[in-house]
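Asker: what would the 3D arrangement of this be:
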Amino acid sequence: MTASRSLRTAPGAIALGAVGLLIAGAIAGLVWEAGADWAGAADAFDAYLFRVARFTLWQAILSTVLSVIPGILVARALARQADFPGRAVIVWLFGVPLALPAIVVALGVLALLGRAGIFADALTALTGDSWPGIYGLSGILVAHVFFNMPLAARLFLEALNAVPADHRRLEAQLGIGPISAFRLIEWPAIRAALPGVAMLIFMLCVTSFTIVLILGGGPRATTLEVAIYQALRFDFDPARAVTLTFIQLVLTAAIVIAAARLGASLSGEAFVSVSSARGIAARGGERLLNVLVLLLGLVFVAGPMTAIVVAGLRADLTRLAGEASVQGAVATSLILAIAAAVFSVILSLSLVSARRALELRRGTRRPGLFETSTDQGAALVLVVPPIVIGAGWFILLRHTGSVFAAAPFMVVAVNAVMAMPFAMRAIRPAYDSASARHERLAAQLDIRGWARLRLIDWPPLRRPLATAFAFAMALSLGDLGVIALFGSENVQTLPYLLLQRMGAYRTHDAAGLALMLGALCFALMMIADWLSRRNA
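Answerer: I've put the predicted structure just below:
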C-alpha cells in the first residue's frame, strides 16, 4: 500500500516543481535585471509609477462598487420574483460574460458606445458634440461591470437562496414588508457573502489587462499590468518593467492574503452553480420595481453580447475564413490551447492524486508541508498574474536572444498553470470520492500505477477531466496577456491577430474575428458547464 501511494506522490512532486520553476524563473529574471540596473529600477519610483498604481486601485474600487451594488439589487429581485417570465434564462445569461474573452467584450462595448458604435449618433445628438467614443476610465468601468455585475448577482442569489424556508414562511405569515424583510432576513445573508464577493471582483479588476489595454485610452488610464507591457514592448525599459512588476506582485499578494482571511475564493467560474431554490412572488409596487431592475440588468448584459454578434455578422466572414493569416492564427490558437489544457489537466490530476495519497498516509496527524503544498499550491499562482510571469521570463530570455522563439512554450506553460485552480476544482471531488470507495479494494488486490488509473480512477474521472480540459482550453484560447508580450509575425493567436487588426483600424475584420473567437470560447464553456452538471 505504501509503495502504491509513493507512486502517486511522485507526479505531485514533479507538478509542484514545474509550477515552482515557472514562477521562480520569472522572479529570477526580475531580480537579475534589478541587480544589473539598480539605478534604473530605483529611478522608476517616480510620479508616473505612483499615478499608475493609484489609477489601478481607483478603477478597481469603482468597478467593485458599481458591480456589487447593482448585483445585490438584481439578486434580490430574482430572489423575490419567483414568477418572473424567463427567470431561469436570466440566471443562465448572467453566467455568459465570464465565458467570453476580455478582448471580445471590449469590442462589444466599442460596438455599442464607440466612436462609430450603435449609439454614437444618439449620444452625439444628446451631448451636442461629436461623440468621441467611450475610452478611458468610463470605458474600463463599463466593461468591468459587464463582467462582474452578473457574477456578483449570481453569488448573492446563491446566498439568498440559502435563507431557510422557515424565514420566508414567517415573512409571509406576519405580512412583513419588503424593507423590513430586507433588513431582518436578506441583509444578514448578503452581509455574510459581501466581503468574499467584493474581494473576488476587486482582484479581477486589479489584475485586468486586456480591458485596460483596449479601452484605457492613454497614459492617464493605465494600470500596472498595462504599464509593464508598454515598458517591455514599446519603450523597452526593462528596469522600469521590473519595478512595476514588483509593485504589482506586492499588491496582488496583499489582496490574496486579505481574501484568504475573508474566506473569498479567487477562482470565480463563469458558470458558477446556483441552487434551484425559488424565492417569493412579490406583488404591487415591489413587483414593478423588481421587474424594472431585472429588465435593466438584462439589457445591460445582453447589449454588448448582441453588439458582438451584429458587428461580427456585418464583417465578410467568408473572406476572413479564407485568409491564410486567419487560418494560421486559428490553428495556432487551437494547438496552443489544446496543449495548455492537456498540461493543466496532467498537473492538476498529479496534485490531486498526491494530496489524497498523503492524506491517507498521515492518518489523523496534521498535514505536512508537502500535502499542504499539493492542496494549496495551485492557488498560489493567483498571487503571480500571467503578465508578471510573462514579464519575468521575457526579461530573462532576452539575454539569450530567444524571446520570441520561446513564445509557444511560454503561452502553453503560463496558461496551463493559470487554469489549474479551475481544473483542480473540477477533478478533486470526483477523485476523492472514487478513492474513498475503492482505496481498500485496490490495496488488497495490489492494483497500482497504470492499471489503477485505467481500471479504478478513469471511469469516474472521465467527465471531470473533460470538464477541466474544456474549461482550461477556453481560458487559454481567449487569453491575450502572455501572447501580447511574446507574440510576433511567426507566432500569432486569434486574440493577437484581433489586436493587430484593431491597431490597424480594420474594425470590420476585428469584429468578425471577435465573433469567431467568442463563439469558440463560449462553446467550450458550455461543454464544460454541461459536463459539470452531468458530474453532479
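Asker: could you pull up the residues touching Asp37?
Answerer: Residues near Asp37 by Cβ atoms under 8 Å, 6 or more residues apart in numbering: 238-239. (Glycine included, C-beta is placed from N, CA and C.)
Asker: how about it, phi and psi?
Answerer: The phi/psi pair for Asp37 (degrees, to the nearest 10) reads phi -140, psi 70.
Asker: burial of Pro386, as a residue count?
Answerer: 24 (other Cβ atoms under 10 Å).
Asker: now the residue lying closest to it once chain neighbours are set aside: how far from Val65?
Answerer: On the basis of Cβ to Cβ, 6 or more residues apart in numbering, the spatially nearest residue to Pro386 that is not a chain neighbour turns out to be Gly481, at 4.2 Å. Remark: distance between Gly481 and Val65 (Cβ to Cβ, to the nearest Å) = 25 Å.
Asker: with Ala511 instead?
Answerer: Counting by Cβ to Cβ, the gap from Ala511 to Val65 is 31 Å.
Asker: so between the two, which is more surrounded?
Answerer: It is Ala511, of Ala511 and Val65, that has more neighbours when counted by other Cβ under 10 Å, with 29 against 15.
Asker: quick check: the more buried one vs Thr124, distance?
Answerer: Separation of Ala511 from Thr124 (Cβ to Cβ): 21 Å.
Asker: ok, now Arg314?
Answerer: Applying Cβ to Cβ, the value for Arg314 to Thr124 is 21 Å.
Asker: also Leu288?
Answerer: Leu288 is 33 Å from Thr124, where distance means Cβ to Cβ.
Asker: quick one, which of those two is more surrounded?
Answerer: Neighbours per residue (other Cβ under 10 Å) separate Leu288 from Thr124, with Thr124 holding more: 14 against 11.
Asker: in contact with the more buried one, which residues?
Answerer: Going by Cβ under 8 Å, 6+ apart, Thr124 touches 130-131.
Asker: apply 10 Å and report the result again.
Answerer: 115, 130-132 (Cβ atoms under 10 Å, 6 or more residues apart in numbering).
Asker: the residues you listed: which two are farthest apart?
Answerer: Farthest-apart pair in the contacts of Thr124 is Arg115 and Ser130; separation 8.3 Å (Cβ to Cβ).
Asker: higher neighbour count, the two?
Answerer: More neighbours surround Arg115 than the other of Arg115 and Ser130, with 15 against 10 (other Cβ under 10 Å).
Asker: give me the phi and psi angles of Phe234.
Answerer: Here is the backbone geometry of Phe234 (degrees, to the nearest 10): phi -110, psi -50.
Asker: actually Thr222, sorry about that
Answerer: Dihedral angles of Thr222 (phi, psi; degrees, to the nearest 10) stand at phi -130, psi 140.
Asker: pretty sure it is touching Ser208, no?
Answerer: No: counting by Cβ atoms under 10 Å, Thr222 sits too far from Ser208 to count as a contact (11.7 Å).
Asker: please enumerate the shared neighbours of the two.
Answerer: Common neighbours of Thr222 and Ser208 (Cβ under 10 Å, 6+ apart) are 56, 59.
Asker: who has more neighbours out of the two?
Answerer: Using other Cβ under 10 Å, the more surrounded residue of Thr222 and Ser208 is Ser208, with 25 against 21.
Asker: that one sits in which helix or strand?
Answerer: Taking DSSP states H and E as the definition, one finds Ser208 inside no helix or strand.
Asker: alpha carbons only: can I get stretch 187-203 in PDB?
Answerer: Coordinates of each C-alpha in stretch 187-203 appear next as PDB, following Å, rounded to 0.1, in the frame of the first residue of the first chain:
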ATOM      1  CA  TRP A 187     -29.300  41.600   4.600                       C
ATOM      2  CA  PRO A 188     -27.700  39.200   7.100                       C
ATOM      3  CA  ALA A 189     -27.200  36.600   4.200                       C
ATOM      4  CA  ILE A 190     -25.900  39.300   1.800                       C
ATOM      5  CA  ARG A 191     -23.600  40.800   4.500                       C
ATOM      6  CA  ALA A 192     -22.000  37.400   5.100                       C
ATOM      7  CA  ALA A 193     -21.300  36.900   1.400                       C
ATOM      8  CA  LEU A 194     -20.400  40.600   0.700                       C
ATOM      9  CA  PRO A 195     -16.600  40.600   1.700                       C
ATOM     10  CA  GLY A 196     -15.800  37.500  -0.300                       C
ATOM     11  CA  VAL A 197     -17.700  38.700  -3.400                       C
ATOM     12  CA  ALA A 198     -16.200  42.200  -3.200                       C
ATOM     13  CA  MET A 199     -12.700  40.900  -2.800                       C
ATOM     14  CA  LEU A 200     -13.100  38.500  -5.700                       C
ATOM     15  CA  ILE A 201     -14.300  41.300  -8.000                       C
ATOM     16  CA  PHE A 202     -11.600  43.700  -6.700                       C
ATOM     17  CA  MET A 203      -8.900  41.100  -7.500                       C
END
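Asker: just the buried residues of that stretch, please?
Answerer: Neighbour-count burial for stretch 187-203 flags 189-190, 193-194, 196-203 (criterion: 16 or more other Cβ atoms under 10 Å).
Asker: kindly report the same for stretch 309-325.
Answerer: Under the neighbour-count criterion of 16+ other Cβ under 10 Å, stretch 309-325 has 309, 311-312, 315, 317, 320 buried.
Asker: quick one on the thing from earlier: joint contacts of Arg115 and Ser130?
Answerer: By Cβ under 10 Å, 6+ apart, the residues touching both Arg115 and Ser130 are 123-124.
Asker: quick one: what helix or strand has Ala528 in it?
Answerer: According to DSSP H and E, Ala528 maps onto helix 507-535.
Asker: pull the distance from that helix to the chain's centre.
Answerer: What separates the centre of helix 507-535 from the centre of its chain is 14 Å, taken as Cα atoms, centre = their mean, to the nearest Å.
Asker: so which elements touch that helix?
Answerer: With contacts taken as 3 or more Cβ pairs under 10 Å, 6 or more residues apart in numbering; DSSP states H and E, helix 507-535 sits against helix 102-113, helix 284-314, helix 317-322, helix 324-362, helix 407-444, helix 458-477, helix 494-503.
Asker: looking at those helices, which is buried most?
Answerer: With neighbours taken as mean count of other Cβ atoms under 10 Å, these reach their highest mean count in helix 102-113, at a mean of 26.
Asker: so for the helix or strand following it, mean pLDDT?
Answerer: Next along the chain after helix 102-113, taking DSSP H and E as the criterion, comes helix 120-127. Per-residue pLDDT values over helix 120-127 give a mean of 83.
Asker: now do helix 120-127 against helix 102-113, angle only.
Answerer: 60 degrees (axes from the mean of the first three to the mean of the last three Cα atoms, to 10 degrees).
Asker: can you list the low-confidence ranges for the stretch 51-200 of the chain?
Answerer: 172-175 (pLDDT under 70).
Asker: output the below-cut-off pLDDT ranges for the stretch 401-536 of the chain.
Answerer: Judged by pLDDT under 70, the stretch 401-536 of the chain has its weakly predicted residues at 441-446, 449, 532-536.
Asker: quick one: average pLDDT of stretch 13-24?
Answerer: Rounded mean pLDDT across stretch 13-24 is 91.
Asker: can you list contacts of that stretch?
Answerer: Residues from elsewhere that reach stretch 13-24 (Cβ under 10 Å, 6+ apart): 28, 343, 346-354, 370, 373-374, 377-378, 380-381, 383-384, 388-389, 392-393, 410, 413-414, 416-417, 420.
Asker: ok, Tyr496 - contacts?
Answerer: Residues near Tyr496 by Cβ under 10 Å, 6+ apart: 103, 329, 332-333, 407, 411, 479-480, 483-484, 486-488.
Asker: recalculate using a threshold of 8 Å.
Answerer: Counting by Cβ under 8 Å, 6+ apart, Tyr496 makes contact with 329, 480, 483-484, 487.
Asker: same check on Leu160?
Answerer: Per Cβ under 8 Å, 6+ apart, neighbours of Leu160: 75-76, 79, 186, 189-190, 279.
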